[in-house]
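Build the 3D model from these lines:
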Amino acid sequence: MGEFTMPSLGADMDEGTLVEWLVEPGAPIRRGDPVAVVETAKSTIEVECFESGTMGRPLVEPGTTVPVGTPLALIETAAGTRGKAGRARKPRKEPQGPPAPERTRPAEPAEPVRTREPVASEAPGHGHVEAGPLIRHLAEEGGVDLAALRGSGPGGRVTRADIERVVAAAPTARTPTARAPRARVTPLARRRAAELGVDLSSVAGTGKDAVIRAEDVSRAASGHAGAPSPPPRTTAAVRASRPSEDQAPAMRRAIARLMSRANRDVPHYYLSTTVDMAVPMDWLHDRNRRSPMSERLLPAALLLKAAALAAHEVPELNGFWTDDRFTAGEGVHLGVAVSLRGGGLIAPVLRGADTLEVPALMSALKDLVSRARTGRLRGSEVSGATLTVTNLGDQGVETVFGVVHPPQVALVGFGRVVDRPWAVDGLLGVRPVVTVTLSADHRATDGAVGARYLTSVDRLLQNPEKL
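Next comes the predicted model:
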């Protein structure tokens, strides 16, 4: 038996509010599956489980605010051992690096169904079926009628392999009593549908594997002209549907605490350089002319890729300062500062940014920004950044000096690409240029290392086809 706990989703997070459970008790879960929606001072985030097993008894009701590390639910782990399903980390005790690689999960034993099986002369469905949660869930997902199935286990017991064999068969070969699988619905979404009088069969789910979430129900209800007036909503329902503007004051306080601590504890130094963008902009325009609209790139994609590759070349700026020493990051994971419509900002993580092709990085960036602004990020996407990048070019800003986000040791800033007089080979002309800045922790590096980083960014941008 394990515990799913309120996770630490950033160095500035001390508590969180459970908004919604995404799985019901008895449902099977795997490591990395989103289990709950948690509201922090900055955003509403889907939190994943770190253990495989079966969802057990919830310990906290939606709408409850609890400190980081508080057990939220019990998890019946696959191995039957007690462990932590959600890890709560103290903000400043260890680097927020990427999660450890998932270990190979041992094969789960087939779970038998304790049932009085109908004998050959009995009509299917006359036997009483007492199924465990895993077998019932698998049967429901695959549209399999347990009462009509005779198992291959000892004494005719139904096993997981029996369910999978029936599901794998062609639809025409299924038993006449097989049922169409029901849409998967979170518990809060089911309650919200009852409150608002929404028919779940008409709702399209936007969660993982098309799971219907509470916000899907609310969205569907807003289009129902004849929907009955809902009864007073629970605290959880109110929290789950609050506009992002309601989070702005709490977010500003959280940002103020973190930035005040960063300015107090981190001895910053600042560098800047101006990069000639004529070559990369020409390459970008040429590529975009030959690409469909959906595959066109923005200058931000080139800037982010150059920042990531430069961090790979200058690893002294890519990591964490903890316990009075620097620890290099395992991989380049860029935190990208995103302004939210209700005010404030959040920095979701582009993992392995230096290994992504520019089009893939562009696609991942669009996805992260979209989900950050609609409150649909996951816990693994808001922690573990090894270097943060802020780009205020689209806001008209030409130069930005940011504050290092501890325990990271550097922050890169990009301004707007502007036309400026520029001398090339002794000839003066007008060229597009961008100002690139670096804010860094003087405990980990000095100006010489920072200068080497900015020089790498410049050199990489002059060869856009190699990014």
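
And Glu20, how far from Thr445?
Plainly put, Glu20 is 43 Å away from Thr445 if you go by Cβ to Cβ, to the nearest Å. (C-beta placed from N, C-alpha, C; glycine too.)

which of these two has more neighbours?
Regarding Glu20 and Thr445, a neighbour count based on other Cβ atoms under 10 Å identifies Glu20 as having more, with 25 against 21.

Excluding residues flanking it in the chain, which one is nearest Ser339?
Spatial nearest neighbour of Ser339, excluding adjacent residues (Cβ to Cβ, 6 or more residues apart in numbering): Leu345 at 5.1 Å.

for Leu284, same thing?
Leu297 (6.0 Å).

my guess is the one you found meets Asn288, correct?
Yes: assessed by Cβ atoms under 8 Å, Leu297 is found in contact with Asn288 at 6.4 Å.

Who has more neighbours out of the two?
Remark: of Leu297 and Asn288, Leu297 carries more neighbours, 20 against 14, as counted by other Cβ under 10 Å.

OK, contacts around that one?
Leu284, Arg287, Asn288, Ser291, Val358, Pro359, Met362 (Cβ atoms under 8 Å, 6 or more residues apart in numbering).

How confident is the prediction for it, by pLDDT?
Leu297 is assigned 95 on the pLDDT scale.

hang on, it in a helix?
No: Leu297 is assigned coil when assessed by DSSP: H, G, I helix; E, B strand; the rest coil, not a helix.

Next one: it relative to Arg289, how far apart?
Per Cβ to Cβ, Leu297 is found 12 Å from Arg289.

This structure - how does it break down into domains?
With domains defined by automatic domain parsing, the chain comprises 2-77, 114-173, 187-242, 248-466.

Quickly compare these and say which is most buried.
Of all those, domain 2-77 has the most neighbours on average by mean count of other Cβ atoms under 10 Å, namely a mean of 21.

what's the span of it, first residue to last?
For domain 2-77, the first-to-last residue distance is 6 Å (Cα to Cα, to the nearest Å).

can you check stretch 55-68 too?
First residue to last in stretch 55-68 (Cα to Cα) measures 20 Å.

Find me the pLDDT at the spatially closest residue to Leu356 that is not a sequence neighbour, would you?
Of all residues not flanking Leu356 in the chain, Ala364 sits nearest, at 6.6 Å (Cβ to Cβ, 6+ apart). Ala364 carries a pLDDT score of 95 in this model.

would Ala364 count as being in a strand?
No: judged by three-state DSSP, Ala364 forms no part of a strand; its state is helix.

ok, it touching Gly352?
No: counting by Cβ under 8 Å, Ala364 sits too far from Gly352 to count as a contact (9.7 Å).

so Pro348 touches Asp367, yeah?
No: between Pro348 and Asp367 no contact is recorded; they are 9.5 Å apart, counting by Cβ under 8 Å.

quick one on the thing from earlier: now secondary structure too, for the contacts of Leu297, in CSV please.
Converted to CSV, these look like this (three-state DSSP):
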residue, secondary structure
Leu284, helix
Arg287, helix
Asn288, helix
Ser291, coil
Val358, helix
Pro359, helix
Met362, helix
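
Show me which of those residues is closest to Ala256.
Proximity of the contacts of Leu297 to Ala256 (Cβ to Cβ) peaks at Met362, which lies at 32.6 Å.

Compute the distance between the closest one and Gln408, please.
24 Å.

Report the contact partners of the most centrally placed residue in the chain.
Closest to where the C-alpha atoms of the chain average out (Cα atoms, centre = their mean) is Arg378, at 2.6 Å. Arg378 makes contact with Pro34, Ile45, Glu46, Val47, Glu48 under the criterion Cβ under 8 Å, 6+ apart.

quick one: it and Gly16, what's the gap?
Arg378 is 14 Å from Gly16, by Cβ to Cβ.

List the backbone torsions phi and psi for Arg57.
phi -80, psi 130 (degrees, to the nearest 10).

ok now do it, which residues does it touch?
Per Cβ under 8 Å, 6+ apart, neighbours of Arg57: Pro25, Ala73, Leu74.

and what of Cys49?
Going by Cβ under 8 Å, 6+ apart, Cys49 touches Phe4, Ile29, Arg30, Arg31, Gly32, Asp33, Val35, Ile75, Ala85, Gly86.

between those, which is nearest Gly415?
Closest approach between these and Gly415, by Cβ to Cβ: Gly32, at 37.3 Å.

Poorly predicted segments of this structure, please.
For the chain, the stretches with pLDDT under 70 are 11-12, 78-138, 140-142, 150, 152-158, 160-161, 169-183, 187, 208-209, 223-248.

pull the longest helix from it.
Scanning the chain for the longest helix, with DSSP state H as the assignment, gives helix 248-265.

And that one, how far out from the chain middle?
Between the centre of helix 248-265 and the centre of its chain there are 23 Å (Cα atoms, centre = their mean, to the nearest Å).

try stretch 294-307
For stretch 294-307 - counting by Cα atoms, centre = their mean - the centre lies 21 Å from the chain centre.

Stretch 252-267 now?
Relative to the chain's own centre, stretch 252-267 is displaced by 24 Å; criterion: Cα atoms, centre = their mean.

Give me the contacts around that stretch.
Contacts for stretch 252-267 (Cβ under 8 Å, 6+ apart): 11-13, 40-42, 321, 343-345, 403-406, 441-443.

ok, now with 7 Å
With contact meaning Cβ atoms under 7 Å, 6 or more residues apart in numbering, stretch 252-267 is reached by Ala11, Asp12, Ala41, Lys42, Gly344, Val403, Val404, His405, Pro406, Asp441, His442, Arg443.

same question, stretch 404-413
Contact partners of stretch 404-413, identified using Cβ under 7 Å, 6+ apart, comprise 11, 92, 95-96, 262, 265-266, 268, 307, 317, 319-322, 326, 335, 347, 385-390, 400-403, 436-441, 444-445.

let's go with 6 Å and repeat that
The contact list for stretch 404-413 (Cβ atoms under 6 Å, 6 or more residues apart in numbering) reads 95, 262, 266, 307, 317, 320-322, 387-390, 400, 402, 437-441, 444.

One more: stretch 306-314?
Residues from elsewhere that reach stretch 306-314, judged by Cβ under 6 Å, 6+ apart: 318, 332, 334, 353-354, 387, 389, 412, 452-453, 456-457, 460-461.

switch to 8 Å and redo it
317-318, 332, 334, 350, 353-354, 356, 361, 386-387, 389, 412, 414, 449, 452-454, 456-457, 460-461, 467.

Then stretch 442-462?
Counting by Cβ under 8 Å, 6+ apart, 266-269, 271-273, 275-277, 279-280, 302-303, 305-307, 309-311, 313-314, 316-317, 319, 321, 326, 409-410, 412, 436, 438, 440, 466-467 sit against stretch 442-462.

Centre of the chain to that stretch, how far?
Mean-position distance between stretch 442-462 and its chain equals 30 Å (Cα atoms, centre = their mean).

And for stretch 286-294?
In terms of Cα atoms, centre = their mean, the centre of stretch 286-294 is found 29 Å from the chain centre.
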